[in-house]
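Colleague: Okay, structure incoming, though there's no sequence with it:
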């Protein structure tokens, strides 16, 4: 790619008679070189080029966001924060700069530093929707449910048309084993956005957990519809396979679950748990353990985390039993 940009750079002299066109080409070239620097981890060069672009381009929000990440990777947290603030000043709808930094810090295994920014963002009286979603999600991921619950409920009331806040409220309710409330929130998200796969999938999974046969059948039908509408979505395949498994439709479940093992590294945590549970029941313990470890080590939202921990405990017991009574 760099050779292509170098060649294009050499052609700039051919369009000196068109300054406007030359300037557009120059900006595109610098943007290309900035992307190369970012991919290489050459943060000093990336910062230099992105700073130029952010100062010249009319729509500079994205450049300031990339500058924030570049400064953070370089180890300059203050400059990263300032860049994210500039991005937010350009786009009032994006999440607070403190949320952006907290996400990076948490991903880098610095939860205490992340929590400092989260606490500051929580106290903001005029937080927008994306900030509320970001703070609520980070609190949930940090197992701060005592803070996440009230915060997300207040956010949900402030932004009642947000499917994301409805989903997050439902996730917190499920963590707290309030399954009725969880289903109500997932259904509310689905009503707000009927094409939202996450909401629809969560509704189907929650309905199948019901003790009411009619509700279970509704969950099955919804999961089938989700797959029909999202044939390329791996989570749709695994969710339906998991539901078939719970219905005792083993052959149909296996046809959907087996292909997942060929791309297990890319599974979501919840999908990993579903497949692991089926493998565990089939006494395929090594495969089950691999998927459980992958899911439990994921930094992403994991609704079935407690179930996965319990299953890992069962695996440990099974390993001990096998060591005492080898075949």
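Modeller: Now that the structure is in, tell me what you want to look at. Model, not experiment: these values are computed from the prediction.

Colleague: Now name the helix or strand holding residue 136.
Modeller: Assessed by DSSP states H and E, residue 136 sits inside helix 129-141.

Colleague: Give the other helices and strands that that helix contacts.
Modeller: If you count contacts as 3 or more C-beta pairs under 8 Å, 6 or more residues apart in numbering; DSSP states H and E, helix 129-141 packs onto helix 97-107, helix 111-122, helix 145-158, helix 163-175. (Each C-beta comes from the backbone N, C-alpha and C, glycine too.)

Colleague: Give me whichever of those helices is most buried.
Modeller: Ranked by mean neighbour count under mean count of other C-beta atoms under 10 Å, the helices and strands packed on helix 129-141 are led by helix 163-175, which reaches a mean of 24.

Colleague: ok now it, how far from the chain's centre?
Modeller: With C-alpha atoms, centre = their mean, to the nearest Å as the basis, helix 163-175 stands 14 Å off its chain's centre.

Colleague: before we move on, the earlier item: make CSV from the helices and strands packed on helix 129-141 and add distance to residue 46 to it.
Modeller: Below are the helices and strands packed on helix 129-141 laid out as CSV (distance: least, C-beta to C-beta, whole Å):
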stretch, distance to residue 46
helix 97-107, 15
helix 111-122, 23
helix 145-158, 34
helix 163-175, 31
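
Colleague: now those helices as TSV including distance to residue 50 and mean pLDDT?
Modeller: Below are the helices and strands packed on helix 129-141 laid out as TSV (distance: least, C-beta to C-beta, whole Å; pLDDT from 0 to 100):
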stretch	distance to residue 50	mean pLDDT
helix 97-107	15	96
helix 111-122	22	95
helix 145-158	32	96
helix 163-175	29	96
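
Colleague: Determine which of those helices approaches residue 293 most closely.
Modeller: Ranking the helices and strands packed on helix 129-141 by proximity to residue 293 (C-beta to C-beta) places helix 97-107 first, at 18.6 Å.

Colleague: In the chain, where is pLDDT below threshold?
Modeller: Along the chain, segments meeting pLDDT under 70 span 1-22, 264, 326-327.

Colleague: Out of the helices and strands packed on helix 129-141, flag the one nearest residue 272.
Modeller: With respect to residue 272, and counting by C-beta to C-beta, the nearest of the helices and strands packed on helix 129-141 is helix 163-175 at 16.9 Å.

Colleague: Can you list the helices and strands that that closest one packs against?
Modeller: Of the remaining helices and strands, those touching helix 163-175 by 3+ C-beta pairs under 8 Å, 6+ apart are helix 129-141, helix 145-158, helix 179-192, helix 197-208.

Colleague: Contacts for it, please.
Modeller: Here helix 163-175 makes contact (C-beta atoms under 8 Å, 6 or more residues apart in numbering) with 129, 132-133, 136-137, 140, 145, 148-149, 152-153, 155-156, 159, 179, 181-186, 188-190, 192-193, 196, 198-199, 202, 206, 301, 303, 306.
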